[in-house]
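*Asks:* Sequence and predicted structure are below.
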Amino acid sequence: MAETIPEDLRFERLSINDPTAKKDPAPASSFDQRVELLSSYLEICISEGAKAYRYDVEICSVRAGRPLTKGPADDGHGSMRRTVCYHLLYSALVKSNGFGTGKGYLLPLVYNRQNVIYFAEPLPEDFVTIVLDTDEDFGGVSKYVSCLLDTDDGVRISISKAPSEEESVLDLHQAIFELPSLDDEAISTRNRSFRMFLELLTTAPSLFNETHVAFGSSLFEKMNKNSAKELDMGNGKHMLRGVKKGVSIIEKNGIPYPAMVVDAKTSAFFKEQALIDSVKEFGNGDRPPPRENRAVWKKIEALFKDVRVILVGKACAGNRKKLSFPIERLTKETAEELKAFSKDFRGSVAQYFKRILGRRLKYPSLPCAVHKTVAGRDRKEVACYYPLELLYVADGQKVPLEKADQEHTTILQKQNAVVPDDRFKLIDEQLHKIGLFSEKDRILKAFGVRIGDFISTQAGIRVSPMIEVAGSKQIKIDQLKANWRFAMKGPYAYPVVVKKWVVLHSCRDGDIPSILNFVTKMVQVASRRGMDIEPPQILNIKSLGRTLPSAFEALATNPPYLAMYISAFGKFEKSKEDRELSHDLLKVCEQHYGILTQHVCLKRVNDVVKFNKLTVLDNIIHKTNMKMGGLNVIPRVEKLGKRMELDSGNFLVIAYDVCHPPPAKPQERRMVRSLDASLSSFQPSVVGIVANCAGHPHAFIGDYHYQASRNEEVDESVLMVRTHWIFENLETYRQDQSRPKHIVILRDGVSEGQHRMAMEHELDAIRRAVHQLDPSYDPTFTLVIATKRHNKRFFNMVNGHATNTQPGTVVDRDVTRAGVTQFYMQSHFPLLGTVKMPQYDVLIDEANFSMDELQAFVNCMCHSHQIVDSAISIPEPVFAADELAKRGWNNFVETKKTFPGTIPEDPHTQLTNFDELTNRLAYWRTPLSGIRFNA
């Protein structure tokens, strides 16, 4: 007789063999010790019967019918639009007495500042229209409305009930129990709507009280006089403090519930002030830097390029609305030298604005900002010039990372890398300022929502792996520091032979003794590590043609196995003297000539020679051994994870990540999409891919591959080609292990919303590639998403003070995502600030590994970096894939700059042939393809 399974247990019984089923947390007995932690999650408590009613919003100019909710994609215009739309909606709320509810300005609502609004109760009418057309209507609206609306025009605001009943009513209490399912698109969509609403709801109090500025998923406290000096960065920039937040559906003991997760955050913004005042900050504060100081003006141009500014004062008199535009560039000529032409004027730009202003410019000898626009019947692009003193920097513009210099980065790091107790206090302080802890907050209360306390959770501490070196000798790791620095004294596990190598340098003659001393010490220490190394030939780059390409051209006639390059400047220093001897150019030469390189700056040489910093020398030698195909150490997984020991040859570990180009300018974006709507840039995205397909199961090698720039997804064709390449390497270096039983994929950098893409498209491409290779080969697949870019924090509370957790700490219960196997694990020791545990989502596990095995395996991989004698924060293959993607991008940029003719572009469309680009710039067809060249 067939076994009868009770209905309420059937799902659990069937899920035993489901590769996507959520795993049970690791048992307490698996851990060295248990600890209770306080998380940065806060429970969102929702009353039974609580609902939100959704309506669509349209805000248009009356006369032109132009939507004010849409516009250019830059931060400045986006901030303007959102602020103005929010104020206009509240003005309409007042004029209509709460859209007919009689509640006026105090009607509780949640508005996304674009096209969606939620109310706690349905409006009396399904469709409401309000026209704002009097001075009184615009009394409380942001000054930026004059940049979006003609002075003689009004605004029409239309609010309409969402088209379907399912869309129009969100049952907040019921939504808690609708788990996000990767197999049910309808539930997944409703879950996203639920989470989006809670995101908006938790932002609403601060927007209404005007205490914070909303930027993406972050809220930044508005600048006040008390903190202005402390947060001033100079050069037209300041910092704003706030929180980054998000909403997740997590579960405890199988019961799902919504929670808000927060973290303290400080970011850099452009100051909302006259552009000339920002420029003066590059000088002495009272006046701009002299025009002759070209280096400073180059910095000014680079910083303010693409920043949105507004033409102010009499300069915009007569215009129907104020002109705002992103700066294209600064002119080489001054306002006095530039020519201006119009129907009734010919002269200089300075003279033109003198006529308009009725006075002379204060700074006619400064350059102008260029605004590109289209004009005339034929809609030709023309350049317009505006003196800097007539422009105002718009509010709400973040300083992009690519514009951050070393000083900027150091200042921001100091603000963000704070100790745990300070971070926890900052989070708590900001939450109170936002108003989320207030029981009296009328908006949250109206929707039946309350924010609870920080959620505590039980965590465990895993035993560290052992470290194996030469002769199978095992070293015990210092668990509290996650390193084996003082125990690592003898030979490497697999040292290399270095018979023919050169040291190139671009240093002064006075530095030669230090270089000689450094090389002597390096040879001595490398020999103690078991390396069979001979002294190198030392060459001044001047003797080989003065440039790196000419030097490598000369070396290629009788190539060495390794060319170590000692430069007078560091990797990121772009001085005039070092411009043609840069790190990026060195790596382009490495790939082109197939000669392995290692870059060491003179400062590090002196650290070793003059200050006896042996750790620096150790790390340099660690790199050399790894680059040349050796293996420094072998991490041995803890006993509970023995089934996943790589030495068995049963495991192929593949990791990959994508590096994207900077955002395209609007004009470039339009051109790209006219050719291919799916593209976001003419520039390529770069996929870094790594696998343990070298001579030893613990040795990871990799490469990069170029593809069209499309979101985060890796092209299926790229994954298939690279899977074939990985198996070709396996057959070359370990033929007897070329069909491993299990394939573990570590994917970096995808958000929760992209998990389906990783499962259905990327993993499927790898499966198909494996099947093409050998139809009879049927390995299991395990897909793990590793994420470090999140805003979850965990604190160890000691006597009421927050402290860092210790290496080996694992959180796999209470605050993990509902319906998905998820855990957080800290493998490393934080050198600075508050530790952030990487998040791991196990989306598919066909091998049915236990939570113990997966955690032990991931922890082991974090101890396999090889370059330093300590654990790193994420698994080494993931780290290496990320570094390879960056290497591919840097090599592309450097090649395009130095050897532009070698980039295979269609001259008519400007589109790049990415397959040909990969063949030219990647390593897979070079002599270096089988080693870890990027160590």
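*Replies:* Noted; the coordinates are in hand.
*Asks:* use CA for all of it now, contacts and neighbours both
*Replies:* Fine.
*Asks:* Around Ile249, count how many other residues there are.
*Replies:* Ile249 is flanked by 25 other residues according to other CA atoms under 10 Å.
*Asks:* the helices in the stretch 251-400 of the chain, which residues?
*Replies:* With DSSP state H, counting those that start in this stretch as the criterion, the stretch 251-400 of the chain has helices at 275-280, 294-304, 349-357.
*Asks:* need those in a markdown table with mean pLDDT, distance to Arg813 and mean neighbour count, can you?
*Replies:* Converted to a markdown table, those look like this (pLDDT from 0 to 100; distance: least, CA to CA, whole Å; neighbours: other CA atoms under 10 Å):
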| stretch | mean pLDDT | distance to Arg813 | mean neighbour count |
| --- | --- | --- | --- |
| helix 275-280 | 98 | 50 | 21 |
| helix 294-304 | 96 | 45 | 16 |
| helix 349-357 | 92 | 66 | 18 |
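*Asks:* any idea of the pLDDT on the closest residue to Ala758 other than its chain neighbours?
*Replies:* Spatial nearest neighbour of Ala758, excluding adjacent residues (CA to CA, 6 or more residues apart in numbering): Glu713 at 7.6 Å. Looking at Glu713, its pLDDT reads 86.
*Asks:* Tell me which residues are up against stretch 313-327.
*Replies:* The contact list for stretch 313-327 (CA atoms under 8 Å, 6 or more residues apart in numbering) reads 146-152, 304-312, 353, 356-357, 369-371, 390.
*Asks:* Apply 7 Å and report the result again.
*Replies:* 146-147, 149-151, 304-311, 356-357, 369-371, 390 (CA atoms under 7 Å, 6 or more residues apart in numbering).
*Asks:* Which of the three states applies to Arg789?
*Replies:* Per DSSP: H, G, I helix; E, B strand; the rest coil, the secondary structure class of Arg789 is coil.
*Asks:* So, low pLDDT: which residues of the chain?
*Replies:* Within the chain, the stretches with pLDDT under 70 are 1-16, 179-189, 318, 376, 439-440, 570-581, 666, 711.
*Asks:* can you tell which of the helices of the stretch 251-400 of the chain is closest to Thr780?
*Replies:* Thr780 lies closest to helix 294-304 among the helices of the stretch 251-400 of the chain, at 50.3 Å (CA to CA).
*Asks:* that's a strand at Lys22, yeah?
*Replies:* No. The assignment for Lys22, made by three-state DSSP, is coil rather than a strand.
*Asks:* Just grab the bridge partners of the residue lying closest to it once chain neighbours are set aside for me.
*Replies:* Among residues not flanking Lys22 along the chain, Thr821 sits closest, at 4.5 Å (CA to CA, 6+ apart). Beta-bridge partners recorded for Thr821 (DSSP bridges): Val842.
*Asks:* again with the one 4 residues further on
*Replies:* The partner list for Met825 in beta bridges (DSSP bridges) reads Val810.
*Asks:* which stretches of the stretch 151-300 of the chain form strands?
*Replies:* Assigned by DSSP state E, counting those that start in this stretch, the stretch 151-300 of the chain shows strands spanning 155-161, 169-171, 212-215, 218-221, 232-234, 237-252, 255-270.
*Asks:* Now render the ones you listed as CSV, adding distance to Tyr41.
*Replies:* Converted to CSV, the strands of the stretch 151-300 of the chain look like this (distance: least, CA to CA, whole Å):
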stretch, distance to Tyr41
strand 155-161, 33
strand 169-171, 23
strand 212-215, 20
strand 218-221, 15
strand 232-234, 31
strand 237-252, 9
strand 255-270, 4
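*Asks:* if I've got this straight, Leu88 is in a helix?
*Replies:* Yes. Checked against three-state DSSP, Leu88 lies within a helix.
*Asks:* How about the contacts made by it?
*Replies:* Leu88 neighbours (CA under 7 Å, 6+ apart): Val141.
*Asks:* ranges for the helices of the stretch 601-750 of the chain?
*Replies:* 602-609, 614-627, 666-675, 716-733.
*Asks:* Among those helices, which comes closest to Lys473?
*Replies:* Nearest to Lys473, of all those, is helix 614-627, at 18.0 Å by CA to CA.
*Asks:* Same question for that closest one: list its buried residues.
*Replies:* The neighbour-count check on helix 614-627 (16 or more other CA atoms under 10 Å) flags Leu617, Asp618, Ile620, Ile621, His622, Lys623, Thr624, Asn625, Met626, Lys627 as buried.
*Asks:* Tell me the one among the residues you listed nearest to Lys244.
*Replies:* For the buried residues of helix 614-627, the residue nearest Lys244 by CA to CA is Lys623; the value is 36.9 Å.
*Asks:* the inter-axis angle of the biggest helix by length in the chain versus strand 255-270?
*Replies:* The residue-count maximum for a helix in the chain (DSSP state H) belongs to helix 185-209. Put simply, helix 185-209 runs at 50 degrees to strand 255-270, going by axes from the mean of the first three to the mean of the last three CA atoms, to 10 degrees.
*Asks:* So which elements touch helix 185-209?
*Replies:* Contact here means 3 or more CA pairs under 7 Å, 6 or more residues apart in numbering; DSSP states H and E; on that basis helix 185-209 packs against strand 109-111, strand 237-252.
*Asks:* Quick one: distance of that helix to the chain centre.
*Replies:* The chain centre lies 23 Å from the centre of helix 185-209; the measure is CA atoms, centre = their mean, to the nearest Å.
*Asks:* still on that earlier bit, looking at the helices of the stretch 251-400 of the chain, which is closest to Asn692?
*Replies:* Counting by CA to CA, Asn692 lies closest to helix 294-304 out of these; the figure is 41.8 Å.
*Asks:* the inter-axis angle of the closest one versus strand 255-270?
*Replies:* Going by the same axes, to 10 degrees, helix 294-304 makes 150 degrees with strand 255-270.
*Asks:* Helix 294-304 to strand 237-252, inter-axis angle?
*Replies:* Between helix 294-304 and strand 237-252, the angle comes out at 40 degrees (the same axes, to 10 degrees).
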